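**Student:** Using only what follows, build the 3D model:
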Amino acid sequence: MSSWVSGRYEDTLHRLEDDDRSLTGLSIAHNDADFVRIGDAIRKNTHLKVLEIDMLSQEPLPHLSFFKGLQRNSSIRQLILTRANFCGGFGYRKVLDAFAEKHDILTKFCIGSCDGGNVDTRAIVSFIRKCTNLNHISVKWSSLGRSSLAGQELPHLKELIVAIRGLPKVEELNLGSNLIDFNGCGVLATLLQDPNSKLRHLFLGNNLVDNRGATLLADALAKNTKLECLNLENNRGITEDGLGEFSKVMCNTSSISDTYSSNHTLKSLGIPTRALSTNLLCNMTLNNGGNKKKVAMKKILWKHRHFDMEPFFEWDMKMLTVVIGWFDRARGFAINNEANNLYAIYQFIRAFPDVVETVHQRAKATRKRRHE
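**Tutor:** Got it, this is the predicted structure:
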């Protein structure tokens, strides 16, 4: 991404005006920029994909023609606004207004520093709600976890999550540095439990999540088959006990059925390996496997050392081929598999000695016919 920096400003502007196909990203952070010229260049440009504007440097506000240029551009897909609460909060509004009529072309929207009283968070949420093709959303340093003075709990965070749940393509959400605590985790849990959610990455770094919040998030992932990364870095209230809740969700050992239906998707918590227990690290390593049926199989072999075959006996012989096939597919997993096989066979022979004898006699007769 090119930037408006001393010594490169004129060169970058020429490339923008020439519609240079190699100039796909632009970062504007220069008070002395010629915004009339920039706006006209952006209006005509067809290769610019990413636009980043540092609102701190835009004092006074850019010329009106700059915003008209944004409005008429049809190539920009990613919009990034930093330090939105500066300039009295007016700059970001004009940028959003410029994209208001073509919001459906944006795939990524990032905005930072929306607190301080200068930014209308509801206007931002309303804008996000209309951007139906977004797959990446970032709202950072905006105190979304702070309760309302009027007594309403977390109105902005709730409105944002409701808006995101209505978007069909969001895969990445960054809510870092927002004072999100236990109550905020409760709001986020509704998103993680939504069966229609496509979210694959959720960044909650540098917040106020504690063990109670971690438990809420872990429980919300029990049936989630989409989220691969939940970044909880620098949430100092989370201890080993809180992290342990994710182990339980990724490998519920209550029964073989519970282990099979555990979460086999979560691969990372964004926390250094040295802070993870061996059990949690093993579960996340297994979850990195692409074939989730094999992941479940490995966890069963790992956590259930001796299979209880009695439930299968109630089905008489109907499940025999299924069970044998399952063990055959698991043959390559070096997790006490041989011991499990032998124990299962032993249980089966004890339960159905007559069946085993009959099978043995048939096999013997078949061999005899072949030799005749």
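**Student:** Would you quantify the distance from L70 to C114?
**Tutor:** 19 Å (Cβ to Cβ, to the nearest Å). Yep, even glycine has a C-beta here, placed from its N, CA and C like the rest.
**Student:** Hmm, I typed the wrong one, I wanted K108.
**Tutor:** From K108 across to C114, the span is 17 Å (Cβ to Cβ).
**Student:** who's more crowded, those two?
**Tutor:** More crowded of K108 and C114, by other Cβ atoms under 10 Å: C114, with 25 against 18.
**Student:** I'd assumed A84 was in contact with that one.
**Tutor:** Yes. Counting by Cβ atoms under 8 Å, C114 does reach A84; the two are 5.4 Å apart.
**Student:** So which residues of the stretch 1-150 of the chain form helices?
**Tutor:** With helices called from DSSP state H, counting those that start in this stretch, the stretch 1-150 of the chain shows them at 9-17, 35-44, 64-72, 90-99, 121-130.
**Student:** Out of these, which one sits most buried?
**Tutor:** The highest mean neighbour count among those, using mean count of other Cβ atoms under 10 Å, belongs to helix 90-99: a mean of 21.
**Student:** which outside residues touch that helix?
**Tutor:** 53, 55, 58, 61-62, 67-68, 70-71, 79, 81, 84, 106, 111, 119-120, 123-124, 127 (Cβ atoms under 8 Å, 6 or more residues apart in numbering).
**Student:** Mean confidence (pLDDT) on it, please.
**Tutor:** Here helix 90-99 scores 84 as its mean pLDDT.
**Student:** try stretch 124-137
**Tutor:** On average, the pLDDT along stretch 124-137 is 95.
**Student:** ok, now stretch 302-317?
**Tutor:** When pLDDT is averaged along stretch 302-317, the result is 62.
**Student:** i'd like the first residue to be 443 from this point on
**Tutor:** That works, and once the first residue is 443, the last one we named lands at stretch 744-759.
**Student:** For the strand or helix carrying R812, what does the pLDDT average out to?
**Tutor:** Using DSSP states H and E, R812 sits within helix 795-813. Mean per-residue pLDDT for helix 795-813: 60.
**Student:** Helices of the stretch 593-742 of the chain, residue ranges please.
**Tutor:** Using DSSP H, counting those that start in this stretch, the helices of the stretch 593-742 of the chain run over 597-607, 624-634, 653-662, 682-692, 698-702, 720-729, 734-745.
**Student:** which residues does E601 contact?
**Tutor:** By Cβ under 8 Å, 6+ apart, the neighbours of E601 are 563-564, 567.
**Student:** Now that we have those, can you turn them into a markdown table and tack on distance to T701?
**Tutor:** Below are the contacts of E601 laid out as a markdown table (distance: Cβ to Cβ, whole Å):
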| residue | distance to T701 |
| --- | --- |
| T563 | 43 |
| R564 | 45 |
| V567 | 40 |
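**Student:** low pLDDT regions in the stretch 643-792 of the chain?
**Tutor:** Within the stretch 643-792 of the chain, the ranges that satisfy pLDDT under 70 run 747-792.
**Student:** Now do the contacts for S689.
**Tutor:** Neighbouring residues of S689 by Cβ under 8 Å, 6+ apart: 719, 721-722, 725.
**Student:** How far off centre is stretch 514-527?
**Tutor:** Centre-to-centre, stretch 514-527 and its host chain are 23 Å apart (Cα atoms, centre = their mean, to the nearest Å).
**Student:** Go through it and flag the buried ones.
**Tutor:** Residues of stretch 514-527 classed as buried under the neighbour-count rule (16 or more other Cβ atoms under 10 Å) are 515, 518, 520-527.
**Student:** For A526, report the pLDDT, please.
**Tutor:** Value for A526, per-residue pLDDT: 77.
**Student:** Leaving out chain neighbours, which residue sits closest to it?
**Tutor:** Y534 (4.2 Å; Cβ to Cβ, 6 or more residues apart in numbering).
**Student:** Then A471?
**Tutor:** Distances taken as Cβ to Cβ, 6+ apart put D496 closest to A471, at 3.8 Å, once the chain neighbours are dropped.
**Student:** Please apply the same query to C556.
**Tutor:** Nearest non-adjacent residue to C556, counting by Cβ to Cβ, 6+ apart: S584, 3.7 Å away.
**Student:** Do you know the pLDDT at the one you found?
**Tutor:** 88.
**Student:** now swap in the one 5 residues further on and tell me
**Tutor:** In the prediction, the pLDDT value recorded for S589 is 69.
**Student:** Also D462?
**Tutor:** For D462, the pLDDT comes out at 95.
**Student:** Next, the residue nearest to it when sequence neighbours are not counted: phi, psi?
**Tutor:** With Cβ to Cβ, 6+ apart as the criterion, D462 has its nearest non-adjacent residue at 6.9 Å, and that residue is H489. Per-residue torsions, H489: phi -120, psi -10 (degrees, to the nearest 10).
**Student:** thought H489 was touching E459?
**Tutor:** No. If you go by Cβ under 8 Å, H489 and E459 don't touch, sitting 12.0 Å apart.
**Student:** Show me the common contact partners of these two, please.
**Tutor:** By Cβ under 8 Å, 6+ apart, H489 and E459 have no common neighbours.
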